[in-house]
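Q: prediction below, plus the sequence it came from.
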Amino acid sequence: MLETSQRLLSLLALLQTRPAWTGAELAERLEVTTRTVRNDIDRLRELGYPVDAARGPAGHYRLGIGAKLPPLLLDDEEAVAVAVGLRTGAGVVGMAESSLRALTKLQQVLPHRLQRQVNAINDAMSKGPDNTRSNIDPPEIDTVVLSTIAACIRDEHYLRFEYAVPERDSLYKAGSSTTQDLPILVEPYRLVSWHGYWHLVARDEAGEWHTYRVDWMSLRMATGRKYRPRPMRDDEYADFVLRDVASAGWKVHARITVYAPAQEVLSRIHAAVGIVESVDEETSVLVTGADSYELIAVYVGMLGLDFRVDGPPGLVAHLETVGERYLKAIGVLTETVSATRPSVRRGRRRGPG
């Protein structure tokens with residue numbers, strides 16, 4: 001006779017092969033008594049698998065709603081991690097529909113308490129655009145932290161945490177949120193995933209909006225206190241994070257003068273690239289950032305508009321190198337390139353650095 005755990009898996013597999021089984025049929029297939037079958041059915045129910053039973057001459061067992069997939073032996077953290085992975089995978093080209101289908105099936109077989117956790121994350125989550133890329137590996141995130149934050153968003157409870165920005169972090173600076181010695185108390189509204197980084201959009205005690213990197217948060221004891229929600233529109237959360245990171249959250253930043261109206265510049269960039277400030281009818285300033293000067297050079301080069309860069313020195317030097325490379329590529333004489341260097345260097349010294 002099979003061991004109990006192996007027999008339970010075999011019983012569950014049999015119940016999935018056809019709509020209904022009598023107790024005698026299951027007992028014969030498993031080579032046990034009908035009493036053992038009844039006990040095993042009770043064990044499956046205790047594990048969270050719904051098994052319906054009908055009594056009488058036509059009595060039978062059948063799997064209830066939410067148990068159509070093979071047994072999914074995941075603990076709480078694993079189930080949430082898989083659900084989050086499928087949710088974020090919905091933004092991968094060619095995988096959106098299949099990811100959402102898989103997520104729907106997963107939710108159907110999860111116990112109710114895990115369904116609440118997964119649904120809370122889905123409802124609380126937004127994604128940033130996939131048309132920009134970072135070459136730095138994102139940090140690992142504790143699924144318990146994500147679940148806790150999502151539950152506070154769902155239940156409209158204040159969230160308390162400590163916030164520390166590591167000095168060694170090479171991608172994001174503190175942005176609008178700085179290291180705090182005392183716990184921060186906020187109204188949490190949305191989790192935004194972008195390039196694998198998780199950000200919380202929340203209101204502080206003064207009512208100001210901020211973004212907080214989740215991997216820099218250390219959650220404190222739950223408050224259990226409800227707040228009166230004053231949310232943004234659903235489509236504004238991701239843009240808020242992108243603007244905040246673009247203006248203050250990257251490793252390098254620049255203010256680039258563009259010889260075109262602000263509206264024209266805005267029509268050519270994504271919000272992830274930066275913020276556009278109007279100077280006059282023919283000039284604007286692009287406030288942008290990235291994890292390298294190379295990426296900023298790509299952004300401004302793709303504008304298709306004339307621009308001027310006064311700083312920082314690293315960006316000026318990179319543009320000078322790229323400019324020489326392009327001039328050589330079309331056969332411009334080296335002497336001509338050298339003749340332009342003094343003016344470029346003088347412009348670099350005048351820049352704000």
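A: Ah, there it is.
Q: avg pLDDT for stretch 233-242?
A: For stretch 233-242, mean pLDDT rounds to 87.
Q: same question but for stretch 128-147, I mixed them up
A: 68.
Q: likewise for stretch 187-205?
A: On average, stretch 187-205 scores 90.
Q: span of that stretch from start to end?
A: Start to finish, the residues bounding stretch 187-205 are 8 Å apart (CA to CA, to the nearest Å).
Q: where are the low-confidence patches of the stretch 251-353 of the chain?
A: Low-confidence segments of the stretch 251-353 of the chain, defined by pLDDT under 70: 270-272, 333-353.
Q: hang on, residue 147 packs against residue 80?
A: Yes: with contact defined as CB atoms under 8 Å, residue 147 reaches residue 80; the gap is 5.4 Å. The way it works is simple: take the backbone N, C-alpha and C, and place the C-beta from them, glycine included.
Q: any residues in contact with both of those two?
A: Contact criterion CB atoms under 8 Å, 6 or more residues apart in numbering; residues shared by residue 147 and residue 80: 117, 121.
Q: quick one: strands adjacent to the longest strand seen in the chain?
A: Taking DSSP state E as the criterion, the chain has its longest strand at strand 180-194. If you go by DSSP bridges, strand 180-194 pairs up with strand 125-127 (parallel), strand 159-163 (antiparallel), strand 197-203 (antiparallel).
Q: list the buried residues in stretch 228-240.
A: Judged by neighbour count (16 or more other CB atoms under 10 Å), stretch 228-240 contains these buried residues: 237, 238, 239, 240.
Q: could you dump the residues you listed to JSON lines with distance to residue 42?
A: Output for these, formatted as JSON lines (distance: CB to CB, whole Å):
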{"residue": "237", "distance to residue 42": "46"}
{"residue": "238", "distance to residue 42": "47"}
{"residue": "239", "distance to residue 42": "52"}
{"residue": "240", "distance to residue 42": "51"}
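Q: closest one of these to residue 123?
A: The nearest member of the buried residues of stretch 228-240 to residue 123, counting by CB to CB, is residue 237 at 12.3 Å.
Q: nearest residue to that closest one in space, please, no chain neighbours.
A: Nearest non-adjacent residue to residue 237, counting by CB to CB, 6 or more residues apart in numbering: residue 190, 4.0 Å away.
Q: from residue 303, how far out is that neighbour?
A: 30 Å (CB to CB, to the nearest Å).
Q: repeat that for residue 199.
A: Distance from residue 199 to residue 303, by CB to CB: 27 Å.
Q: more crowded one of these two?
A: residue 199 (29 against 17; other CB atoms under 10 Å).
Q: sort out which residues of the longest strand of the chain are buried, please.
A: Buried residues in strand 180-194, defined by neighbour count with 16+ other CB under 10 Å: 184, 185, 186, 187, 188, 189, 190, 191, 192, 193, 194.
Q: no further questions, thank you.
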